[in-house]
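Q: Build me a structure from this.
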Amino acid sequence: MAPSGKLSGFHRQGHNWFSDSGLPSDITVLIEDVNFHLHKFPLVSKCGKIVRIYEESKNTNEKNPTMVLEDFPGGPDTFLIVVKFCYGFRVELTAKNVVLVHCAAEYLEMTDEYEECNLLTKSESFFHKNILHNWKDCILALQSSEPILSRAENLHLVDKCLNAISMMACTDPSLFGWPMMMYGSFQSPGGSILWNGINTGARIRTSESEWWFEDISYLSVGLFERLIKTMQSRGLRPESLAGAIMYYSKKHLPGLGRWQGGQGGKTRTVASFSLTPASATVDQKVLLESIEKLLPQKKGKSFCRFLLGLLRVASILNASQTCKESLERRIGMQLELATLDSLLIPAYADSDALYNTDCIEHIVHHFVRTESNLTAFSPSSLDPQAPSSSSESLRKVAKLVDSYIGEIAADVNLKPEKLRALAQALPESSRSLHDGLYRALDIYFKAHPWLSDKEKEELCNIMDYQKLSIHACAHASQNDRLPLRVVLQVLFFEQLHLRTALAGCVNTLHGESAPAAPARLSARGPTAGGIVQRDGWVSVVRENQVLKVDMDRMSTRVGELEEEFSKIKKEMKTATKSHSARGSPRFLARKLGCKLVPRFSDAQPESLDRSISTPRASVDRARRSHKSRHTESFS
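A: So this is what the prediction gives:
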């Protein structure tokens with residue numbers, strides 16, 4: 001549509017439009033604050049509404065009646081196009097004005113009853129023949145309908161545009177030349193778009209399924225929501241819908257695309273056909289809640305990261321509790337695909353803590369309670385993960401939660417009950433080793449030196465000392481930040497681990513030292529039997545030498561621990577008032593709260609006097625005498 005000031009046959013003076021015919025006007029039409037000084041015959045011959053208003057104005061005996069057209073579709077600019085058509089001037093219909101002109105013609109009742117091939121028929125024919133078969137024009141027409149959306153919906157123009165766009169998005173663009181055909185059918189040798197032989201410098205991509213993401217991102221929230229639902233009803237792939245939603249969200253939600261990487265930097269379809277951005281006054285909270293309702297029930301690594309980003313933005317915008325709970329439930333159903341950095345959601349509410357641990361706790365509870373039945377996206381999009389068993393997912397989540405606790409443990413404002421709630425949110429069977437919990441507690445104790453031994457012991461109860469590795473036990477036995485009771489329990493189970501490992505090595509060595517026994521060889525498995533048959537007895541001898549070296553090292557370590565434990569036992573005996581046989585190592589461990597393995601013995605240990613406290617200085621001297629090469633930090 002050409003600028004209204006350049007239309008031939010009319011000229012403007014301030015807020016008034018006049019005809020260039022030279023004849024005095026006999027009717028005035030007021031549209032908003034603009035007056036059109038016109039002639040009644042061109043209007044009455046084509047507009048039914050003008051006929052009725054003019055007939056009613058005859059009773060007033062006004063020589064130049066004024067007609068006020070309230071809520072006229074498209075305003076003065078569209079009415080000027082209608083006037084031009086009524087006066088017989090050439091009217092240029094485009095994708096930007098055809099919806100407005102059609103609604104204006106329907107408002108003025110410009111049907112074929114008053115003149116054959118009237119404006120209503122012309123605009124409807126142009127809309128169906130030229131707009132609905134072109135991607136670019138369909139997007140422009142849909143966007144131009146937003147100011148008069150309710151009237152355009154009544155005429156079914158919006159639904160027709162949505163159906164046409166959905167059909168073209170579901171179709172392979174290479175079959176019909178989309179989007180290349182909308183810019184012209186010629187390309188330069190370098191791949192740039194040619195328009196009338198001129199290299200525009202723009203490039204197109206027709207082979208990717210997301211070529212239309214950028215174009216529909218210019219629509220308003222309401223139209224975008226309706227378009228996604230229409231595409232979903234037409235059977236568009238869920239990964240394509242999720243990709244479009246993610247692209248739209250990163251474009252219109254500040255902060256979401258800034259910390260998230262991925263698709264935002266890819267080259268998109270050329271969207272230079274005069275699309276105007278969506279309204280900048282959109283309520284961000286309404287936008288986020290609308291997007292959350294559109295998300296498909298699928299799982300994927302990038303999709304899970306996107307959901308966590310939405311949860312972060314929802315905390316900033318203070319979205320509704322229903323929206324937050326829905327996001328937490330969606331994340332919980334695919335928590336095994338999350339990463340540590342995406343879980344570190346800052347606490348934006350009135351809280352002293354750095355991170356929002358409550359939402360992570362809710363997510364973990366959703367993961368434990370809900371049996372995930374989500375299917376992954378297709379292998380070609382959104383970084384899908386291979387389906388894993390429930391036990392494997394549980395182990396991944398346990399490792400992720402332990403890493404998360406270790407990351408937030410350095411926060412000096414983190415309450416002990418928050419840390420305990422996170423650690424106990426998962427069942428005990430989820431962790432085969434508790435080294436991650438020990439590392440997190442060690443970091444927490446280092447950042448909170450004011451905690452009492454009682455508070456530390458309560459936190460240490462979340463660990464199972466029997467599930468600590470030998471390296472973790474060795475580090476904990478020399479950790480000054482742990483309470484004495486915890487250190488002694490760790491020492492006991494460290495010795496138990498070493499004895500068990502030593503016994504296993506001895507049994508293995510004895511089993512392999514008799515090559516003449518065929519049963520022993522067959523017990524070692526087909527692999528070992530193949531080695532013996534291929535290389536003779538040389539391989540067996542080498543294996544025995546390695547096992548002997550390992551056994552010697554373990555024996556030395558066990559001896560050192562037994563010697564240290566004997567010193568502690570002797571010093572404890574001197575601190576007690578009783579000189580009976582109550583100072584045995586087993587009774588001492590039970591007195592200090594150690595978890596003991598049942599012993600097949602009829603003898604019952606006696607009890608020590610509980611009023612006697614344990615001297616910490618003697619244990620510290622024993623620690624210094626222990627020659628260990630472990631570092632101070634288990635991390």
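
Q: wait, Thr121 sits on Glu115?
A: No. Using CB atoms under 8 Å, Thr121 is not in contact with Glu115, being 9.6 Å away. Bear in mind the C-beta positions are built from the backbone N, C-alpha and C, glycine included.

Q: Could you list the buried residues of stretch 124-140?
A: 124, 126-127, 130-132, 134-140 (16 or more other CB atoms under 10 Å).

Q: and which of those is nearest Glu70?
A: Glu124 (24.3 Å; CB to CB).

Q: Helix, strand or coil: sort out Trp211 for me.
A: coil (DSSP: H, G, I helix; E, B strand; the rest coil).

Q: Can you tell me how far it is from Ala244?
A: Computed as CB to CB, to the nearest Å, the Trp211 to Ala244 distance reads 11 Å.

Q: In stretch 55-66, which residues are buried?
A: Quick answer for stretch 55-66 (16+ other CB under 10 Å): 57, 65.

Q: Could you tell me the end-to-end distance of it?
A: End-to-end distance of stretch 55-66: 12 Å, with CA to CA, to the nearest Å as the criterion.

Q: from what I can see Ala319 touches Ser290, true?
A: No. Here Ala319 lies out of contact with Ser290, judged by CB under 8 Å, at a distance of 11.0 Å.

Q: May I see the buried residues of stretch 21-41?
A: In stretch 21-41, counting by 16+ other CB under 10 Å, buried: 25, 27-31, 34-40.

Q: right, and the pair among these with maximum separation?
A: Of all pairs in the buried residues of stretch 21-41, the most separated under CB to CB is Val34 and Lys40 at 18.6 Å.

Q: Outline the domain layout of the chain.
A: 8-131, 133-174+209-257+285-298 (the TED database).

Q: Which among these is found nearest to Leu496?
A: Of those, nearest to Leu496 by CB to CB is domain 133-174+209-257+285-298, at 47.4 Å.

Q: Any stretches of the stretch 451-600 of the chain with poor pLDDT?
A: 497, 506-550, 575-600 (pLDDT under 70).

Q: mind listing the helices in it by residue range?
A: Applying DSSP state H, counting those that start in this stretch to the stretch 451-600 of the chain gives helices spanning 453-460, 470-476, 484-512, 518-523, 526-535, 538-575, 585-591.

Q: now the third one against helix 453-460, angle please.
A: Spelled out, that is helix 484-512. 40 degrees (axes from the mean of the first three to the mean of the last three CA atoms, to 10 degrees).

Q: Let me have the buried residues of stretch 21-41 in a markdown table, adding distance to Tyr444, pLDDT and secondary structure as columns.
A: Below are the buried residues of stretch 21-41 laid out as a markdown table (distance: CB to CB, whole Å; pLDDT from 0 to 100; DSSP: H, G, I helix; E, B strand; the rest coil):
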| residue | distance to Tyr444 | pLDDT | secondary structure |
| --- | --- | --- | --- |
| Ser25 | 85 | 88 | coil |
| Ile27 | 84 | 90 | strand |
| Thr28 | 81 | 91 | strand |
| Val29 | 77 | 93 | strand |
| Leu30 | 74 | 93 | strand |
| Ile31 | 71 | 93 | strand |
| Val34 | 71 | 93 | strand |
| Asn35 | 76 | 93 | strand |
| Phe36 | 77 | 94 | strand |
| His37 | 82 | 92 | strand |
| Leu38 | 82 | 92 | strand |
| His39 | 87 | 90 | coil |
| Lys40 | 87 | 89 | helix |
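
Q: wait, which of the residues you listed is closest to Gln424?
A: Ranked by distance to Gln424 (CB to CB), the buried residues of stretch 21-41 are led by Ile31 at 69.5 Å.

Q: need the contact list for that closest one.
A: Contacts for Ile31 were tallied using CB atoms under 8 Å, 6 or more residues apart in numbering; they are 69, 72, 75-76, 79.

Q: Those residues in helices, which ones?
A: 75-76, 79 (DSSP state H).

Q: Give me the PyMOL select line for these, limited to the buried ones.
A: Command for PyMOL that selects the buried part of the ones in helices among the contacts of Ile31, burial taken from 16+ other CB under 10 Å:
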select buried, resi 75+76+79
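
Q: closest to Glu571 among the ones in helices among the contacts of Ile31?
A: Gly75 (95.5 Å).

Q: Quick check, pLDDT for that closest one.
A: The per-residue pLDDT reported for Gly75 equals 93.

Q: ok, it touching Phe36?
A: No. Checked against CB under 8 Å, the pair Gly75 and Phe36 is beyond contact range at 12.0 Å.

Q: any idea how far the residue lying closest to Asn130 once chain neighbours are set aside is from Leu93?
A: The shortest distance from Asn130 to any non-neighbouring residue, by CB to CB, 6 or more residues apart in numbering, is to Asp137 (6.6 Å). Distance of Asp137 to Leu93, given as CB to CB: 11 Å.

Q: got the residue ranges for the helices in the stretch 1-150 of the chain?
A: Using DSSP H, counting those that start in this stretch, helices in the stretch 1-150 of the chain cover 40-44, 48-57, 75-86, 98-107, 119-126, 135-144, 149-154.

Q: quick one, which of those is nearest to Asp442?
A: Among the helices of the stretch 1-150 of the chain, helix 135-144 sits nearest to Asp442 (CB to CB), with 58.0 Å.

Q: Give me the helices and strands touching the closest one, please.
A: When contacts are defined as 3 or more CB pairs under 8 Å, 6 or more residues apart in numbering; DSSP states H and E, helix 135-144 packs onto helix 98-107, helix 157-170, helix 213-216.
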